[in-house]
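>>> Everything below, folded, please.
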Amino acid sequence: MKDPINNKYHLKRKFIQPASYYIDGIREGDNNILGQTITLIESEQPKHKEIATQIISEIIEKPSQSFRLGITGSPGVGKSSFINIFGKGVVDKGHRVAVLAVDPSSQHSHGSILGDKTRMEGLVGHPEVFIRPSPAGDTLGGVARKTRECILLCEAAGYDVILIETVGVGQSEIAVHSMVDFFVLMILPGAGDELQGIKRGVMEMADGIIIHKSDGSNIDLAKIAEKQCKNALHLFPAKENGWIPFTHQVSSLDERGHNEIYQYCMTYKKEMTSNGYWYQRRTDQNVFWFEETIQQRFQELLYTDTSVKALFDQLKKEVSTHQITPTSAAEKVMAHFLERLRNKNLDGLL
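Residues are numbered from 1 along each chain as shown. The predicted model follows:
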(Lines give C-alpha, C1' and ligand atoms only; values in the text may rest on other atoms or scores of the structure.)
Protein backbone atom coordinates (compact mmCIF):
# COMPACT_ATOMS: atom_id res chain seq x y z
CA MET A 1 0.00 0.00 0.00
CA LYS A 2 1.62 3.24 -1.17
CA ASP A 3 -0.51 5.84 0.61
CA PRO A 4 1.34 6.88 3.79
CA ILE A 5 -1.88 8.38 5.17
CA ASN A 6 -3.48 4.99 5.69
CA ASN A 7 -0.89 2.55 6.97
CA LYS A 8 -2.21 1.63 10.41
CA TYR A 9 -2.17 -1.99 9.28
CA HIS A 10 1.62 -2.22 9.29
CA LEU A 11 2.09 -2.85 13.00
CA LYS A 12 -0.71 -5.41 12.98
CA ARG A 13 0.50 -7.38 9.98
CA LYS A 14 4.25 -7.19 10.49
CA PHE A 15 6.53 -7.99 13.37
CA ILE A 16 8.14 -4.98 15.00
CA GLN A 17 11.63 -4.55 13.59
CA PRO A 18 14.78 -3.36 15.37
CA ALA A 19 15.25 0.42 15.54
CA SER A 20 17.99 0.23 12.88
CA TYR A 21 15.43 -1.02 10.33
CA TYR A 22 13.33 2.12 10.70
CA ILE A 23 16.32 4.47 10.92
CA ASP A 24 17.88 3.11 7.72
CA GLY A 25 14.57 3.18 5.89
CA ILE A 26 13.86 6.79 6.85
CA ARG A 27 17.32 7.93 5.83
CA GLU A 28 16.82 6.21 2.49
CA GLY A 29 13.60 8.16 1.98
CA ASP A 30 11.25 5.17 2.17
CA ASN A 31 7.79 6.66 2.81
CA ASN A 32 6.30 3.32 3.82
CA ILE A 33 8.88 2.90 6.58
CA LEU A 34 8.43 6.55 7.55
CA GLY A 35 4.70 5.87 7.93
CA GLN A 36 5.38 2.72 9.96
CA THR A 37 7.68 4.67 12.28
CA ILE A 38 5.04 7.33 12.87
CA THR A 39 2.59 4.55 13.70
CA LEU A 40 5.10 3.34 16.30
CA ILE A 41 5.18 6.84 17.78
CA GLU A 42 1.37 6.85 17.95
CA SER A 43 1.29 3.59 19.85
CA GLU A 44 0.86 3.53 23.63
CA GLN A 45 2.37 0.06 24.01
CA PRO A 46 5.55 0.13 26.16
CA LYS A 47 7.61 -1.89 23.63
CA HIS A 48 6.60 0.42 20.80
CA LYS A 49 7.41 3.49 22.90
CA GLU A 50 10.84 2.09 23.71
CA ILE A 51 11.71 1.54 20.05
CA ALA A 52 10.24 4.89 19.02
CA THR A 53 12.33 6.71 21.62
CA GLN A 54 15.45 4.94 20.40
CA ILE A 55 14.69 5.89 16.79
CA ILE A 56 14.16 9.55 17.61
CA SER A 57 17.33 9.65 19.71
CA GLU A 58 19.55 8.07 17.06
CA ILE A 59 18.17 9.54 13.86
CA ILE A 60 18.78 13.20 14.70
CA GLU A 61 22.40 13.86 13.75
CA LYS A 62 22.42 17.67 13.50
CA PRO A 63 20.02 20.63 13.56
CA SER A 64 17.72 20.58 10.54
CA GLN A 65 17.80 23.36 7.95
CA SER A 66 14.16 22.76 7.05
CA PHE A 67 11.45 25.41 7.10
CA ARG A 68 8.54 24.70 9.44
CA LEU A 69 5.39 26.64 8.54
CA GLY A 70 2.38 26.61 10.87
CA ILE A 71 -1.05 27.40 9.42
CA THR A 72 -4.13 28.10 11.53
CA GLY A 73 -7.62 29.38 10.88
CA SER A 74 -11.22 28.55 11.63
CA PRO A 75 -12.88 25.55 9.91
CA GLY A 76 -14.01 26.44 6.39
CA VAL A 77 -11.34 29.06 5.80
CA GLY A 78 -9.76 26.84 3.16
CA LYS A 79 -6.53 25.62 4.74
CA SER A 80 -6.47 22.37 2.75
CA SER A 81 -7.10 24.20 -0.53
CA PHE A 82 -4.34 26.68 0.30
CA ILE A 83 -1.90 23.91 1.23
CA ASN A 84 -2.67 22.13 -2.05
CA ILE A 85 -1.73 25.13 -4.23
CA PHE A 86 1.05 26.41 -1.97
CA GLY A 87 2.57 22.93 -1.63
CA LYS A 88 2.60 22.38 -5.39
CA GLY A 89 4.41 25.68 -5.88
CA VAL A 90 6.98 24.81 -3.24
CA VAL A 91 7.63 21.39 -4.82
CA ASP A 92 8.05 23.06 -8.21
CA LYS A 93 10.82 25.16 -6.65
CA GLY A 94 12.76 22.00 -5.84
CA HIS A 95 11.65 21.35 -2.27
CA ARG A 96 10.27 18.20 -0.68
CA VAL A 97 7.10 18.84 1.33
CA ALA A 98 5.61 17.09 4.36
CA VAL A 99 2.09 17.99 5.49
CA LEU A 100 1.14 17.26 9.11
CA ALA A 101 -1.84 18.30 11.20
CA VAL A 102 -2.75 18.89 14.82
CA ASP A 103 -6.33 17.92 15.67
CA PRO A 104 -7.07 17.01 19.29
CA SER A 105 -10.73 16.45 18.42
CA SER A 106 -10.04 13.58 16.02
CA GLN A 107 -10.24 11.01 18.83
CA HIS A 108 -13.96 11.72 19.02
CA SER A 109 -14.86 11.95 15.34
CA HIS A 110 -12.28 9.49 14.00
CA GLY A 111 -12.64 11.39 10.74
CA SER A 112 -10.17 12.78 8.25
CA ILE A 113 -8.07 15.42 9.96
CA LEU A 114 -6.97 16.99 6.72
CA GLY A 115 -10.49 17.28 5.41
CA ASP A 116 -11.61 16.19 1.96
CA LYS A 117 -8.51 14.92 0.18
CA THR A 118 -9.97 16.04 -3.14
CA ARG A 119 -8.96 19.55 -2.05
CA MET A 120 -5.35 18.35 -2.05
CA GLU A 121 -5.36 16.40 -5.29
CA GLY A 122 -2.18 18.15 -6.40
CA LEU A 123 -0.24 16.73 -3.46
CA VAL A 124 -1.74 13.33 -2.66
CA GLY A 125 0.42 10.67 -4.27
CA HIS A 126 3.14 13.11 -5.36
CA PRO A 127 6.59 11.47 -5.00
CA GLU A 128 8.05 14.57 -3.30
CA VAL A 129 5.18 14.96 -0.80
CA PHE A 130 4.32 13.13 2.41
CA ILE A 131 0.93 13.70 4.07
CA ARG A 132 0.13 12.50 7.54
CA PRO A 133 -2.53 13.47 10.09
CA SER A 134 -1.32 13.86 13.64
CA PRO A 135 -2.38 10.98 15.90
CA ALA A 136 -5.27 11.56 18.25
CA GLY A 137 -4.56 11.54 21.96
CA ASP A 138 -6.17 12.08 25.30
CA THR A 139 -4.56 15.51 25.68
CA LEU A 140 -3.47 18.24 23.31
CA GLY A 141 0.00 18.00 24.82
CA GLY A 142 0.25 14.37 23.78
CA VAL A 143 -0.94 15.13 20.27
CA ALA A 144 1.49 18.02 19.93
CA ARG A 145 4.43 15.99 21.23
CA LYS A 146 3.79 13.29 18.65
CA THR A 147 3.43 15.89 15.91
CA ARG A 148 6.79 17.34 16.89
CA GLU A 149 8.38 13.90 16.69
CA CYS A 150 6.76 13.44 13.28
CA ILE A 151 8.42 16.68 12.16
CA LEU A 152 11.83 15.36 13.20
CA LEU A 153 11.25 12.09 11.35
CA CYS A 154 10.12 13.87 8.18
CA GLU A 155 13.18 16.10 8.27
CA ALA A 156 15.42 13.04 8.69
CA ALA A 157 13.70 11.56 5.61
CA GLY A 158 14.76 14.59 3.57
CA TYR A 159 11.63 16.77 3.64
CA ASP A 160 12.84 20.36 3.87
CA VAL A 161 9.50 22.19 4.02
CA ILE A 162 7.14 21.04 6.76
CA LEU A 163 3.57 22.37 6.74
CA ILE A 164 1.76 21.96 10.07
CA GLU A 165 -1.97 22.62 10.00
CA THR A 166 -4.19 23.18 13.02
CA VAL A 167 -7.95 22.85 12.84
CA GLY A 168 -8.20 25.93 15.04
CA VAL A 169 -9.66 24.13 18.05
CA GLY A 170 -8.94 25.28 21.60
CA GLN A 171 -5.26 25.68 22.38
CA SER A 172 -3.99 23.87 19.28
CA GLU A 173 -2.76 27.16 17.81
CA ILE A 174 -0.39 27.61 20.75
CA ALA A 175 0.88 24.05 20.35
CA VAL A 176 1.60 24.57 16.66
CA HIS A 177 3.29 27.92 17.31
CA SER A 178 5.65 26.20 19.75
CA MET A 179 7.05 23.87 17.08
CA VAL A 180 7.27 26.00 13.92
CA ASP A 181 9.54 28.72 12.54
CA PHE A 182 6.82 30.80 10.88
CA PHE A 183 3.15 31.02 11.87
CA VAL A 184 0.32 32.35 9.69
CA LEU A 185 -3.33 33.00 10.46
CA MET A 186 -5.90 32.53 7.70
CA ILE A 187 -9.18 34.45 7.70
CA LEU A 188 -11.98 35.02 5.22
CA PRO A 189 -13.03 38.26 3.49
CA GLY A 190 -15.56 40.21 5.51
CA ALA A 191 -13.40 39.63 8.57
CA GLY A 192 -14.79 42.58 10.51
CA ASP A 193 -17.05 40.30 12.52
CA GLU A 194 -14.61 37.40 12.45
CA LEU A 195 -11.82 39.47 13.96
CA GLN A 196 -13.95 39.93 17.04
CA GLY A 197 -13.95 36.18 17.57
CA ILE A 198 -10.22 35.64 17.05
CA LYS A 199 -8.29 35.41 20.28
CA ARG A 200 -5.91 38.30 20.74
CA GLY A 201 -3.15 35.84 21.52
CA VAL A 202 -3.48 34.13 18.13
CA MET A 203 -3.06 37.40 16.24
CA GLU A 204 -0.11 38.35 18.41
CA MET A 205 1.59 35.04 17.58
CA ALA A 206 1.03 35.42 13.83
CA ASP A 207 3.95 36.33 11.58
CA GLY A 208 1.46 37.01 8.81
CA ILE A 209 -2.26 37.05 8.05
CA ILE A 210 -3.66 35.55 4.86
CA ILE A 211 -7.01 36.84 3.58
CA HIS A 212 -8.11 33.67 1.81
CA LYS A 213 -10.79 33.21 -0.86
CA SER A 214 -10.08 36.73 -2.12
CA ASP A 215 -11.80 36.24 -5.45
CA GLY A 216 -15.05 36.87 -7.31
CA SER A 217 -17.59 38.79 -5.26
CA ASN A 218 -15.22 38.74 -2.29
CA ILE A 219 -12.66 41.12 -3.82
CA ASP A 220 -14.01 44.30 -2.19
CA LEU A 221 -14.58 42.53 1.13
CA ALA A 222 -11.00 41.22 1.00
CA LYS A 223 -9.62 44.74 0.64
CA ILE A 224 -11.62 45.87 3.66
CA ALA A 225 -10.48 42.83 5.66
CA GLU A 226 -6.84 43.50 4.79
CA LYS A 227 -7.13 47.09 6.00
CA GLN A 228 -8.80 45.97 9.23
CA CYS A 229 -6.09 43.38 9.87
CA LYS A 230 -3.33 45.91 9.32
CA ASN A 231 -5.01 48.27 11.78
CA ALA A 232 -5.36 45.46 14.32
CA LEU A 233 -1.71 44.44 13.99
CA HIS A 234 -0.61 48.01 14.73
CA LEU A 235 -2.19 47.71 18.18
CA PHE A 236 0.21 44.94 19.20
CA PRO A 237 3.71 45.47 20.57
CA ALA A 238 6.60 45.08 18.13
CA LYS A 239 8.01 41.55 17.86
CA GLU A 240 11.31 41.00 19.64
CA ASN A 241 12.89 39.65 16.46
CA GLY A 242 12.13 42.83 14.52
CA TRP A 243 9.78 41.13 12.04
CA ILE A 244 6.76 43.15 10.92
CA PRO A 245 3.78 40.80 10.30
CA PHE A 246 2.29 41.02 6.82
CA THR A 247 -1.26 40.80 5.50
CA HIS A 248 -1.84 39.41 2.02
CA GLN A 249 -4.80 38.46 -0.14
CA VAL A 250 -4.76 34.94 -1.57
CA SER A 251 -7.10 33.01 -3.85
CA SER A 252 -6.67 29.27 -4.21
CA LEU A 253 -9.47 29.29 -6.77
CA ASP A 254 -7.49 31.63 -9.02
CA GLU A 255 -4.15 30.26 -7.75
CA ARG A 256 -3.06 33.79 -6.86
CA GLY A 257 -0.91 35.04 -3.99
CA HIS A 258 0.73 31.78 -2.95
CA ASN A 259 4.15 32.61 -4.37
CA GLU A 260 4.17 35.87 -2.40
CA ILE A 261 3.59 33.88 0.81
CA TYR A 262 6.56 31.70 -0.11
CA GLN A 263 8.69 34.82 -0.63
CA TYR A 264 7.65 36.14 2.79
CA CYS A 265 8.76 32.82 4.30
CA MET A 266 12.15 32.89 2.59
CA THR A 267 12.70 36.56 3.51
CA TYR A 268 11.88 35.76 7.12
CA LYS A 269 14.32 32.85 7.20
CA LYS A 270 17.09 34.99 5.69
CA GLU A 271 16.55 37.87 8.11
CA MET A 272 16.16 35.68 11.19
CA THR A 273 19.21 33.60 10.29
CA SER A 274 21.20 36.80 9.86
CA ASN A 275 20.25 38.25 13.26
CA GLY A 276 20.60 34.92 15.10
CA TYR A 277 16.93 34.66 16.08
CA TRP A 278 16.30 31.60 13.88
CA TYR A 279 18.65 29.36 15.87
CA GLN A 280 17.71 30.90 19.19
CA ARG A 281 14.05 30.12 18.56
CA ARG A 282 14.85 26.52 17.66
CA THR A 283 16.90 26.27 20.87
CA ASP A 284 14.12 27.77 22.98
CA GLN A 285 11.62 25.35 21.43
CA ASN A 286 13.86 22.39 22.26
CA VAL A 287 14.04 23.50 25.89
CA PHE A 288 10.26 24.02 25.95
CA TRP A 289 9.62 20.50 24.66
CA PHE A 290 12.16 19.06 27.08
CA GLU A 291 10.14 20.54 29.96
CA GLU A 292 6.81 19.54 28.39
CA THR A 293 7.99 15.96 27.88
CA ILE A 294 8.99 15.64 31.53
CA GLN A 295 5.54 16.85 32.62
CA GLN A 296 3.77 14.49 30.22
CA ARG A 297 5.85 11.50 31.26
CA PHE A 298 5.22 12.27 34.91
CA GLN A 299 1.49 12.43 34.28
CA GLU A 300 1.62 9.15 32.40
CA LEU A 301 3.36 7.49 35.34
CA LEU A 302 0.91 9.03 37.77
CA TYR A 303 -2.31 8.08 36.01
CA THR A 304 -1.32 4.65 34.73
CA ASP A 305 -0.55 3.30 38.20
CA THR A 306 -3.59 1.21 39.20
CA SER A 307 -3.41 2.00 42.91
CA VAL A 308 -2.99 5.73 42.34
CA LYS A 309 -5.80 5.71 39.78
CA ALA A 310 -8.16 4.03 42.25
CA LEU A 311 -7.39 6.65 44.89
CA PHE A 312 -7.75 9.40 42.32
CA ASP A 313 -11.23 8.20 41.31
CA GLN A 314 -12.31 7.91 44.93
CA LEU A 315 -11.08 11.40 45.85
CA LYS A 316 -12.59 12.85 42.70
CA LYS A 317 -16.02 11.78 43.95
CA GLU A 318 -15.29 13.21 47.39
CA VAL A 319 -14.23 16.53 45.87
CA SER A 320 -17.42 16.68 43.79
CA THR A 321 -19.54 16.12 46.93
CA HIS A 322 -17.55 18.65 48.98
CA GLN A 323 -16.21 16.03 51.41
CA ILE A 324 -12.64 17.17 50.83
CA THR A 325 -11.01 20.24 49.34
CA PRO A 326 -9.29 19.97 45.91
CA THR A 327 -5.94 20.89 47.47
CA SER A 328 -6.17 18.25 50.20
CA ALA A 329 -7.24 15.63 47.67
CA ALA A 330 -4.31 16.46 45.39
CA GLU A 331 -1.89 16.23 48.31
CA LYS A 332 -3.25 12.77 49.20
CA VAL A 333 -2.80 11.55 45.62
CA MET A 334 0.77 12.85 45.43
CA ALA A 335 1.67 11.44 48.85
CA HIS A 336 0.37 8.02 47.82
CA PHE A 337 2.23 8.17 44.52
CA LEU A 338 5.53 9.11 46.18
CA GLU A 339 5.07 6.34 48.72
CA ARG A 340 4.62 3.89 45.87
CA LEU A 341 7.88 5.08 44.37
CA ARG A 342 9.73 4.79 47.66
CA ASN A 343 8.49 1.25 48.18
CA LYS A 344 9.26 0.37 44.54
CA ASN A 345 5.79 -1.08 44.35
CA LEU A 346 5.62 -0.30 40.64
CA ASP A 347 3.17 -2.83 39.23
CA GLY A 348 1.56 -1.09 36.28
CA LEU A 349 3.66 2.02 36.86
CA LEU A 350 6.67 1.42 34.63
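
>>> What ranges does the stretch 51-200 of the chain have for its helices?
Listed in chain order, the helices of the stretch 51-200 of the chain (DSSP state H, counting those that start in this stretch) span 79-92, 106-109, 140-156, 172-177, 191-197, 200-205.

>>> With respect to T72, which of those helices lies nearest?
helix 172-177 (4.7 Å; C-beta to C-beta). Backbone N, C-alpha and C define where each C-beta goes, glycine included.

>>> Low-confidence bits of the stretch 151-300 of the chain, can you list those?
Scanning the stretch 151-300 of the chain for pLDDT under 70 picks out 167-171, 191-199.

>>> Kindly list the longest helix within this structure.
Ranked by residue count under DSSP state H, the longest helix found in the chain is helix 277-304.

>>> elements contacting that helix?
Packing contacts for helix 277-304, counted by 3 or more C-beta pairs under 8 Å, 6 or more residues apart in numbering; DSSP states H and E, involve helix 140-156, helix 258-275, helix 306-320.

>>> now, of the ones you listed, which is deepest in the fold?
Across the helices and strands packed on helix 277-304, the average number of neighbours (mean count of other C-beta atoms under 10 Å) peaks for helix 140-156, which reaches a mean of 22.

>>> and it, what other elements does it pack with?
Packed next to helix 140-156, using 3+ C-beta pairs under 8 Å, 6+ apart, are helix 19-27, helix 31-42, helix 46-59, strand 97-102, strand 161-166, helix 172-177, helix 277-304.

>>> on that earlier part again, going by neighbour count, list what's buried in the longest helix of the chain.
Y277, W278, Q285, W289, E292, Q296, L301, L302 (16 or more other C-beta atoms under 10 Å).

>>> which residues touch the last one?
Just to be clear, that refers to L302. V308, V333, F337 (C-beta atoms under 8 Å, 6 or more residues apart in numbering).

>>> what's the pLDDT at the closest residue to the first one other than its chain neighbours?
Nearest residue to V308 in three dimensions, chain neighbours excluded: F337, at 5.1 Å (C-beta to C-beta, 6 or more residues apart in numbering). Per-residue confidence at F337 stands at 89 (pLDDT).

>>> what about F337, how many neighbours?
Other residues near F337 come to 20 when the count uses other C-beta atoms under 10 Å.

>>> now swap in the one 4 residues further on and tell me
Residues contacting L341 under the criterion other C-beta under 10 Å number 13.

>>> tell me which element it falls in.
helix 326-342 (DSSP states H and E).

>>> helices and strands around that helix, which ones?
Packing contacts for helix 326-342, counted by 3+ C-beta pairs under 8 Å, 6+ apart, involve helix 306-320.

>>> angle of the helix it packs on against helix 277-304?
Angle between the axes of helix 306-320 and helix 277-304 is 90 degrees (criterion: axes from the mean of the first three to the mean of the last three C-alpha atoms, to 10 degrees).

>>> helices or strands next to helix 306-320 in the packing?
Against helix 306-320 (3+ C-beta pairs under 8 Å, 6+ apart) you get helix 277-304, helix 326-342.

>>> wait, which of the helices and strands packed on helix 140-156 is closest to G78?
Of all these, strand 161-166 comes closest under C-beta to C-beta, at 11.3 Å.

>>> distance between that closest one and the chain's centre?
7 Å (C-alpha atoms, centre = their mean, to the nearest Å).

>>> next one: stretch 63-78
With C-alpha atoms, centre = their mean, you get 8 Å for stretch 63-78.

>>> cool, and stretch 58-74?
Here stretch 58-74 is found 10 Å from its chain centre; the criterion is C-alpha atoms, centre = their mean.

>>> try stretch 207-220
25 Å.

>>> Span of that stretch from start to end?
Distance between the boundary residues of stretch 207-220 (C-alpha to C-alpha, to the nearest Å) amounts to 24 Å.

>>> Next, the buried residues of it.
D207, G208, I209, I210, I211, H212, K213, S214, D215, N218.

>>> which residues touch it?
By C-beta under 8 Å, 6+ apart, stretch 207-220 touches 73, 77-78, 82, 182-191, 203, 222, 225-226, 229, 233, 239, 243, 245-254, 256-257, 261, 264, 268.

>>> re the thing from before, would you turn the buried residues of stretch 207-220 into CSV with secondary structure and distance to K316?
Below are the buried residues of stretch 207-220 laid out as CSV (DSSP: H, G, I helix; E, B strand; the rest coil; distance: C-beta to C-beta, whole Å):
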residue, secondary structure, distance to K316
D207, coil, 42
G208, strand, 44
I209, strand, 43
I210, strand, 44
I211, strand, 46
H212, coil, 44
K213, coil, 46
S214, coil, 50
D215, coil, 52
N218, helix, 50
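
>>> Output the residues you listed as TSV; include the columns distance to K49.
Conversion of the buried residues of stretch 207-220 to TSV gives the following (distance: C-beta to C-beta, whole Å):
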residue	distance to K49
D207	34
G208	37
I209	39
I210	38
I211	43
H212	39
K213	42
S214	45
D215	47
N218	48
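
>>> Out of those residues, flag the one nearest to L341.
Nearest to L341, judged by C-beta to C-beta, of these is D207 at 43.7 Å.
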